[in-house]
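1. pasting the structure only:
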């Protein structure tokens with residue numbers, strides 16, 4: 001059967017309310033984006049990570065080497081910190097292989113306490129003893145001076161660390177030959193309030209330095225790091241950037257702006273950065289994706305010189321105990337020394353992830369468009385359009401964002417318009433569901449009203465041919481209802497005696513004698529007792545009534561009301577002992593509705609006037625019913641009828657007419 005209500009009417013108030021809700025959600029999300037709401041930021045990072053994982057491919061340029069003071073080196077040479085002469089020896093060996101540049105990812109903020117000169121001064125201060133030594137070259141009496149000399153000769157790039165929570169400036173920490181200049185007024189780097197440098201002996205011999213700060217996102221994962229930080233009005237480079245500039249002989253770099261945003265122009269290289277000076281790293285997998293040489297192998301000469309010559313070298317430590325380990329999207333134990341290698345690899349291979357400066361404006365536009373589309377989908381008044389339109393729009397957003405990331409390395413997060421689309425789909429779907437439910441309820445009420453109108457018309461048709469029917473229908477409705485309720489309270493027929501059953505029984509009772517419309521007037525209206533042949537004709541009203549209702553319900557086989565009506569019409573003259581009609585059913589084979597109707601029908605017939613008898617008293621009627629218990633009637637139904645005698649008498653009195661006895 002085809003549905004008649006495929007579309008629902010959406011009131012103007014609902015349309016205005018939906019539009020207002022969309023505007024409110026759009027403004028809320030856009031405000032959250034501008035205020036850097038952590039929840040929205042988390043969703044952005046989710047898409048960023050998924051894209052990074054999806055399109056990650058191991059890349060190695062062959063221009064980088066990491067000299068790692070690893071666990072093996074510490075176990076073989078000694079725990080950290082090593083004496084400065086040992087580090088100087090390591091750096092000297094590496095420098096002798098003529099790399100393009102050396103970046104030292106180690107900070108020396110305190111003097112080496114193992115220096116002979118330092119020990120001599122300490123003993124003199126603490127014990128007033130003048131320690132002497134002989135046969136030691138003067139260059140080896142001061143470990144810091146020896147290391148400084150090696151760093152100067154190797155032209156290595158040193159490290160420093162900026163503070164942002166307290167002031168700790170040192171005058172000897174400001175020297176760097178690299179000139180960083182901003183050529184745009186949209187560059188707002190972080191302002192450092194303090195700095196931690198190497199001791200003056202080392203700092204003064206360094207030709208170039210870079211900071212070693214890294215910055216994790218809110219979830220503790222490293223995805224980007226500052227390449228430029230400002231301190232006391234001057235711009236300073238990250239250690240990786242400073243080492244890159246040293247390797248390429250670049251002494252000056254400028255910050256410019258193009259259609260995609262800000263970038264550092266360093267020679268022929270353009271390095272994209274954010275307005276705050278951050279660089280988004282494109283990791284290509286877990287740690288150890290670059291060439292590593294253990295520090296102890298360098299000291300023991302167990303390495304291939306070609307892995308260092310003309311390479312950019314970083315010297316640092318991946319040892320877990322030194323706490324320079326970071327969590328990335330690929331690896332929770334990513335060494336800090338390799339972070340520098342990742343940055344340089346991105347620059348050398350021109351593999352960048354760019355968050356264009358116009359991405360926020362584009363996201364705002366797409367968010368507004370999402371809201372408008374959702375309203376149009378909703379106003380279309382077709383649930384399929386709302387679903388298909390929403391899914392298609394979300395799919396399009398994902399495709400555009402994915403393609404831009406894969407082909408152009410542009411990250412434009414689809415999270416805000418997708419979040420709005422999903423939220424509005426859920427809300428508007430619930431709104432449509434509520435409207436449809438309301439429409440269905442209204443339709444159901446009209447259907448019930450139509451059924452009742454049809455019922456009254458059919459009953460009136462029976463009454464017009466059988467004057468005895470009258471108030472009989474109202475009384476039998478009430479008898480059946482209270483009897484069924486009592487059986488339910490006693491826990492009998494629990495699976496069948498539901499609230500729906502009782503209500504439907506009440507509504508279906510009036511059609512129990514609908515079959516009488518097919519009985520000839522000569523039989524139906526005969527004032528005397530019927531002959532045997534006439535009685536056989538009268539008995540056919542049961543099967544005729546069942547047939548009439550079944551034909552009416554042919555197009556709606558699941559209508560519970562019509563099913564029970566047919567059931568009652570065809571079975572209320574069956575007997576418990578099997579001697580009834582029209583089918584001679586017995587016991588529980590007789591439908592429960594028919595067994596209840598049988599006692600209600602007989603009782604009312606007994607207390608009512610008929611052409612062949614006067615009305616009986618309640619007591620006499622109950623006596624007859626008790627005599628027929630187990631023969632005509634279901635014993636359980638008789639017990640129920642007897643238990644509610646007071647209600648039965650009240651119903652008979654309240655709905656009585658001139659043809660019934662007074663039961664007051």
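-> Looks like it arrived, so ask away. Because the structure is a prediction, the values reported are computed rather than measured. Numbering: from 1, shown residues only.
2. can you name the farthest residue from the center of this structure?
-> residue 528 (78.3 Å; CA atoms, centre = their mean).
3. how close does that one sit to residue 253?
-> Residue 528 sits at a distance of 122 Å from residue 253 (criterion: CB to CB, to the nearest Å). Heads up, the C-betas are built off the backbone N, CA and C, glycines and all.
4. Which strand or helix spans residue 230?
-> strand 228-231 (DSSP states H and E).
5. which element follows that strand toward the C-terminus?
-> Using DSSP H and E, the next helix or strand after strand 228-231 towards the C-terminus is strand 234-237.
6. What is the very next helix or strand once past that next one packed up against?
-> Next helix or strand after strand 234-237 toward the C-terminus (DSSP H and E): helix 239-247. On a contact count with 3 or more CB pairs under 8 Å, 6 or more residues apart in numbering; DSSP states H and E, helix 239-247 meets strand 101-104, strand 157-163, strand 208-211, strand 261-266, strand 312-316, helix 336-349.
7. hmm, try it at 6 Å
-> Applying 3 or more CB pairs under 6 Å, 6 or more residues apart in numbering; DSSP states H and E, one finds that helix 239-247 contacts strand 101-104, strand 157-163, strand 208-211, helix 336-349.
8. next structured bit after that helix?
-> Sequence order places strand 252-258 as the next helix or strand after helix 239-247, per DSSP H and E.
9. Walk me through which strands that following strand pairs with, and which way each runs.
-> With DSSP bridges as the test, strand 252-258 is paired with strand 179-182 (parallel), strand 261-266 (antiparallel).
10. Do me a favour and average the pLDDT over the first one.
-> On average, the pLDDT along strand 179-182 is 90.
11. Could I get the buried residue list for it?
-> Using 16 or more other CB atoms under 10 Å as the test for burial, strand 179-182 gives 180, 182.
12. Give the next helix or strand downstream of that strand.
-> Assignment by DSSP H and E places the next element after strand 179-182 at strand 194-196.
13. how far is that next one from where the chain is centred?
-> Mean C-alpha position of strand 194-196 versus that of the full chain (CA atoms, centre = their mean, to the nearest Å) differs by 44 Å.
14. Could you tell me which strands sit next to it in the sheet, and their orientation?
-> Strand 194-196 pairs in its sheet with strand 157-163 (antiparallel), by DSSP bridges.
15. now the strand it pairs with and strand 312-316, what's the angle there?
-> Strand 157-163 and strand 312-316 meet at an angle of 50 degrees, taking axes from the mean of the first three to the mean of the last three CA atoms, to 10 degrees as the criterion.
16. What count of nearby residues applies to residue 651?
-> Per other CB atoms under 10 Å, the neighbour tally for residue 651 reads 22.
17. Not including adjacent chain positions, what is the nearest residue to it?
-> Using CB to CB, 6 or more residues apart in numbering and skipping the chain neighbours, the partner closest in space to residue 651 is residue 478 (4.3 Å).
18. and what of residue 561?
-> Once flanking residues are discounted, residue 561 sits nearest to residue 504: 5.4 Å by CB to CB, 6+ apart.
19. quick one: pLDDT of the one you found?
-> At residue 504, the predicted lDDT confidence score is 90.
20. Buried residues, the strand or helix carrying it. List them.
-> Per DSSP H and E: residue 504 is located in helix 499-508. Neighbour-count burial for helix 499-508 flags 501-502, 504-505, 507-508 (criterion: 16+ other CB under 10 Å).
21. Which other helices and strands does the helix or strand following it contact?
-> Once helix 499-508 ends, the next helix or strand along the chain (criterion: DSSP H and E) is helix 521-524. Helix 521-524 sits against helix 532-552, with contacts defined as 3+ CB pairs under 6 Å, 6+ apart.
22. which is the next helix or strand following the helix it packs on?
-> Counting by DSSP H and E, the element after helix 532-552 in chain order, helix or strand, is helix 560-571.
23. what's that following helix packed up against?
-> Short answer (3+ CB pairs under 6 Å, 6+ apart): helix 560-571 packs on helix 499-508, helix 532-552, helix 592-607.
24. Next, the buried residues of that helix.
-> 561-571.
25. Contacts made by it with the rest, please.
-> The list of residues contacting helix 560-571 from outside it, by CB atoms under 6 Å, 6 or more residues apart in numbering, reads 504, 507-508, 511-512, 514, 542, 545-546, 549-550, 553, 590-591, 593-594, 597.
26. ok and it relative to helix 592-607, angle-wise?
-> 60 degrees.
27. returning to what we had before: same for the helix or strand containing the residue nearest to residue 651, what does it pack against?
-> Taking DSSP H and E as the criterion, residue 478 maps to helix 472-489. Counting by 3+ CB pairs under 6 Å, 6+ apart, the packing neighbours recorded for helix 472-489 are helix 499-508, helix 592-607, helix 635-643, helix 645-654.
28. Could you work out the end-to-end span of stretch 244-259 for me?
-> 25 Å (CA to CA, to the nearest Å).
29. Which of the helices and strands packed on helix 560-571 sits closest to residue 421?
-> helix 499-508 (40.3 Å; CB to CB).
30. how close does residue 543 get to residue 582?
-> In this view, residue 543 and residue 582 are 4 Å apart by CB to CB.
31. next one: residue 445
-> Taking CB to CB as the measure, residue 445 falls 36 Å from residue 582.
32. which residues in the stretch 1-150 of the chain form strands?
-> 64-68, 101-104 (DSSP state E, counting those that start in this stretch).
33. Please list the residues outside the last one that contact it.
-> With CB under 6 Å, 6+ apart as the contact definition, strand 101-104 has outside contacts at 154, 156-159, 239, 243, 246-247, 312-315.
34. Could I get the average pLDDT for it?
-> Regarding strand 101-104, the rounded mean pLDDT is 97.
35. in it, what's buried?
-> 101-104.
36. For the residues you listed, work out which two are farthest apart.
-> Largest separation among those by CB to CB: 101 and 104, giving 10.6 Å.
37. Can you add distance to residue 191 and give the strands paired with strand 252-258 back as TSV?
-> Output for the strands paired with strand 252-258, formatted as TSV (distance: least, CB to CB, whole Å):
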stretch	distance to residue 191
strand 179-182	14
strand 261-266	17
